[in-house]
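Trainee: here is the input, now give the coordinates:
(chains A and B)
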Amino acid sequence: MSSLAIHLLWLLIHLVISIFFFVLKIANVLESYLISSGFLKKYESINVGKLRYLAVVVDSEDALQINKVIKLVQWLADIGVKHVCLYDNEGILKKSKDIILKNLSCVKLFEEGDEQSLRGKKTMSLEFASQSDGKEALAKAANLLLKKHLKLRSLGENQEEKIFTEAHMTEALRAVGSGGPEPDLLLVYGPVRCHLGFPAWRLRYTEIVHMGPLKSLKYGSLLKAIYKFTLG
Amino acid sequence: MKTERNGHVYIVCALVVLEFYRLLPLTVLSGNGGSLMRFFLRKTMETESSVTGGYRRRFTGFLRKCMFSVLSMGPVPNHIAFIMDGNRRYAKKRNLQLGEGHRAGFASLMWILGYCYELGVKYVTIYAFSIDNFKRRPNEVQVLMDLMLEKIDELLKEESLVRQYGIQLYFIGNLKLLSDNVREAVERAMEITAKNNKLVLLICVPYTSTDEILHAVEESCQDKLDHSQAVKQTNGSTDHCNQTSQEDHEHDIKVVDIEKRMYMAAAPDLDILIRSSGETRLSNFLLYQSDKCQLYSPAALWPELGLWHFVWAVLSYQRSYSYFEKKRKQL
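Mentor: Numbering: from 1, shown residues only, chains lettered A, B, ... in the order given. Got it, this is the predicted structure:
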């Protein structure tokens, strides 16, 4: 009997919290409309130069909404972000790479050396990543380092300390096709604040911001997140 | 209906009282440690010593237990990690000496550990010292190392909560970077508490995630080399050309090989990662392990983190539990 009462209490607490989040969501929607319609002046001029590399993590189920993804990337290009990495755990965005790029203007696929070549231009470079660039890429890079180690050993030199350094690891990751710069800001579009397996090697000092599910994508909240980052 | 309403009123009162209790100025603890009960006792006595103080203590303890019994109706996190950020800012805010901020942080850690133990959390990981922190001023690094030695000694005393509550201490990180006396104390602490099994406290010092990944890669490379040596010896063959390409791939390092060699392989999957002081970065902590865990960044500085933040973290975890279970099953 008493455990039933406690269980009901637990349900009640969660109900109260859900109502709280619902009210918060309405407030966010209102704020977002105010921002996009230009009422809040402080969001008009954002120093986007401070944001060198932005990453967007999308929950794999949300990633099926390709139009929303295209809209998001186009907004980012319009705001003036130069380099964006789109990540989803299962690689759905990677598979839809061509469709996404076809529907965007002033956006090209990421290549090494883009940071220099795109300076001063309006084009944005877009990278696609998935789970294979995370844990699996680490395993592939490990195999590369092992081969290097074996080669050096067969030459008779004991160079263990020189092979297993962070710089060599970064180089090995680049060689297996999963190198890429470290994002300054990571926006998570999903039900929960979690980076969902974004490549760990690149996540060291990245600010992680939760934007909510992709279906409630709003220009105002995107602008607010970028603005808050450029302030800090 | 009446029981629910009364229960709701009790919970609100409990949270108000506990928050007030938490916001009372944290008096800096002197060197002696103590058991959890004596710890709470001394704290209350430092702030008020009347008869009502005793009743209030029992009342708040009772309310906290009620709160936890309600929380345990839902899924309880098994492994929580904390980035204890904000000690230096706290010391600046209160005009305290540098070391006092860290001491206040240690006191806060004891509170949080107590809450975790009472709720039933089995693994607690804390980011005590990053390899990057060695770049700080040498006297600050020395202060931290001395404090660590002092607290390890305190925790190993008979009446400390580590002994009484059966907490196992586990030090995670590149221990070779520590000075000899600290490393010896650390190894001794792990040995002494090895048999405790009620709660495991994993202390990351000195640790960075990239260092852990690199170490795991190096160890798994060594494993593969040892394995292929052993295979060669049993087969009696030294001819590389006999190996087919399929065999080559079987000998490749896989993700499970690396995960086996991680320092954090001693602990189960992470459920919640809490970083105090409102920063949203992970600062090279558990980057590999936090792929399916809730990230929570309360604005409070670490010494100010209290029961209310802890309860909120657990409630958020319970709300997203079904989502993470689905993600884990998809693997």
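Trainee: which of the helices and strands in chain B ranks last by mean pLDDT?
Mentor: Lowest by mean pLDDT, DSSP states H and E among the helices and strands of chain B is helix B:36-47, with a mean of 46.
Trainee: cool, chain A as well?
Mentor: Per mean pLDDT, DSSP H and E, helix A:160-163 ranks last in chain A, at a mean of 68.
Trainee: what's the following helix or strand after that one?
Mentor: Per DSSP states H and E, the first helix or strand lying C-terminal to helix A:160-163 is helix A:166-175.
Trainee: other SSEs contacting that following helix?
Mentor: For helix A:166-175, the elements it packs on are helix A:135-154, helix B:209-235, judged by 3 or more CB pairs under 8 Å, 6 or more residues apart in numbering or on different chains; DSSP states H and E. Glycine gets a C-beta too; all of them are placed from N, C-alpha and C.
Trainee: tell me the secondary structure of the closest residue to chain A within the stretch 1-150 of chain B, please.
Mentor: Shortest the stretch 1-150 of chain B-to-chain A distance, computed as CB to the nearest CB: residue-wise this is B:Met73, at 3.9 Å. Following DSSP: H, G, I helix; E, B strand; the rest coil, the label given to B:Met73 is coil.
Trainee: and A:Glu90, by the same measure?
Mentor: Secondary structure, three-state DSSP: A:Glu90 is coil.
Trainee: can you show me the helices along chain A?
Mentor: Here chain A has its helices, by DSSP state H, at A:2-36, A:66-79, A:92-95, A:97-102, A:114-117, A:135-154, A:160-163, A:166-175, A:219-231.
Trainee: so can I have a markdown table of these showing mean neighbour count?
Mentor: Compiled in a markdown table, the helices of chain A are given as follows (neighbours: other CB atoms under 10 Å in any protein chain shown):
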| stretch | mean neighbour count |
| --- | --- |
| helix A:2-36 | 14 |
| helix A:66-79 | 18 |
| helix A:92-95 | 18 |
| helix A:97-102 | 13 |
| helix A:114-117 | 13 |
| helix A:135-154 | 19 |
| helix A:160-163 | 13 |
| helix A:166-175 | 16 |
| helix A:219-231 | 18 |
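Trainee: for those helices, which has the smallest mean pLDDT value?
Mentor: Among the helices of chain A, helix A:160-163 carries the lowest mean pLDDT, a mean of 68.
Trainee: most centrally placed residue in chain B?
Mentor: Central residue of chain B (CA atoms, centre = their mean): B:Thr125, 2.3 Å from the mean position.
Trainee: any idea how far the helix or strand that contains that residue is from the middle of the chain?
Mentor: Secondary structure assignment for B:Thr125, by DSSP H and E: strand B:123-127. Here the centre of strand B:123-127 is set off from its chain's centre by 1 Å, with CA atoms, centre = their mean, to the nearest Å.
Trainee: surely B:Ala300 forms part of a strand?
Mentor: No: under the criterion used here (three-state DSSP), B:Ala300 is coil, not part of a strand.
Trainee: got a pLDDT number for it?
Mentor: Confidence score, pLDDT, at B:Ala300: 93.
Trainee: wait, what's in contact with it?
Mentor: B:Gly86, B:Ser276, B:Ser277, B:Gly278, B:Gly306, B:His309 (CB atoms under 8 Å, 6 or more residues apart in numbering or on different chains).
Trainee: wasn't the fourth one part of a strand?
Mentor: No: applying three-state DSSP, one finds B:Gly278 to be coil, outside a strand.
Trainee: what sits against it?
Mentor: Counting by CB under 8 Å, 6+ apart, B:Gly278 makes contact with B:Ser297, B:Pro298, B:Ala299, B:Ala300.
Trainee: sorry, back to before: now render the helices and strands packed on helix A:166-175 as JSON lines, adding distance to B:Met67.
Mentor: Below are these laid out as JSON lines (distance: least, CB to CB, whole Å):
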{"stretch": "helix A:135-154", "distance to B:Met67": "38"}
{"stretch": "helix B:209-235", "distance to B:Met67": "33"}
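Trainee: quick one, which of those helices is nearest to A:Phe229?
Mentor: helix B:209-235 (22.0 Å; CB to CB).
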